[in-house]
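[1] predicted model and sequence follow; I will ask about them next.
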Amino acid sequence: MDELILISWIIFSLVIAGVGASRKIGFWWALLASIFLSPISGLILVSFSKDLQDEYFKRQILEELSILTDGQKNIKSEKVKSNGSKKGVDDTDDLSSKQVDIDLSEI
């Protein structure tokens with residue numbers, strides 16, 4: 001009976017560690033937490049850990065937004081240079097001051 005409990009403990013810990021491999025906690029930390037604490041506590045830790053694909057996707061969006069913002073700043077500086085002063089620059093063209101709303105829940 002004790003061997004059955006030990007084998008099931010290790011199997012459940014390995015399954016939870018496999019799920020943890022695609023998360024920020026990683027395979028080895030999830031395995032150690034599941035073995036030393038319990039598979040249930042390991043599952044709780046893994047479920048609260050952030051998903052690596054979501055983090056990568058958010059980082060890509062933020063980088064693209066910063067590139068767009070930098071591009072708008074470059075366009076504005078070119079307008080200032082071409083007009084010789086800031087008088088001729090229309091403030092409505094400055095997209096960097098506008099608020100950008102992105103709904104990530106639909107993805």
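    Cool, got the structure. Numbers count the residues shown, from 1 in each chain.

[2] domains of the protein?
    The chain breaks down into these domains under automatic domain parsing: 2-50, 51-84.

[3] can I get those in TSV with mean neighbour count and mean pLDDT?
    Quick note: C-beta positions are derived from backbone N, CA and C, even for glycine. As requested, the domains of the chain are exported to TSV (neighbours: other CB atoms under 10 Å; pLDDT from 0 to 100):
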stretch	mean neighbour count	mean pLDDT
domain 2-50	16	92
domain 51-84	12	70
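
[4] can you tell me how far Ala33 sits from Arg59?
    26 Å (CB to CB, to the nearest Å).

[5] for Pro39, see how far away the closest residue in space to Trp29 that isn't next to it in sequence is.
    Leaving aside its sequence neighbours, Trp29 sits nearest to Gly20 (CB to CB, 6 or more residues apart in numbering; 7.0 Å). Applying CB to CB, the value for Gly20 to Pro39 is 12 Å.

[6] can you check Lys58 too?
    30 Å.

[7] before we move on, what about Ile10?
    For Ile10, the distance to Pro39 (CB to CB) stands at 9 Å.

[8] contacts only, for the closest residue to Val46 other than its chain neighbours.
    Nearest residue to Val46, sequence neighbours excluded (CB to CB, 6+ apart): Gly20, at 4.4 Å. Going by CB atoms under 8 Å, 6 or more residues apart in numbering, Gly20 touches Gly26, Phe27, Trp29, Ala30, Leu31, Gly42, Leu45, Val46, Ser49.

[9] which residues touch Leu32?
    The contact partners of Leu32, by CB under 8 Å, 6+ apart, come to none.

[10] and for Arg23?
    Contacts of Arg23 (CB under 8 Å, 6+ apart): Ala30, Val46, Ser49, Lys50, Asp51, Leu52.

[11] need the contact list for the residue nearest to the fourth one when sequence neighbours are not counted.
    Closest residue to Lys50 apart from its sequence neighbours, by CB to CB, 6+ apart: Lys24 at 4.6 Å. With contacts defined as CB under 8 Å, 6+ apart, the neighbours of Lys24 are Ser49, Lys50, Asp51, Leu52, Glu55.
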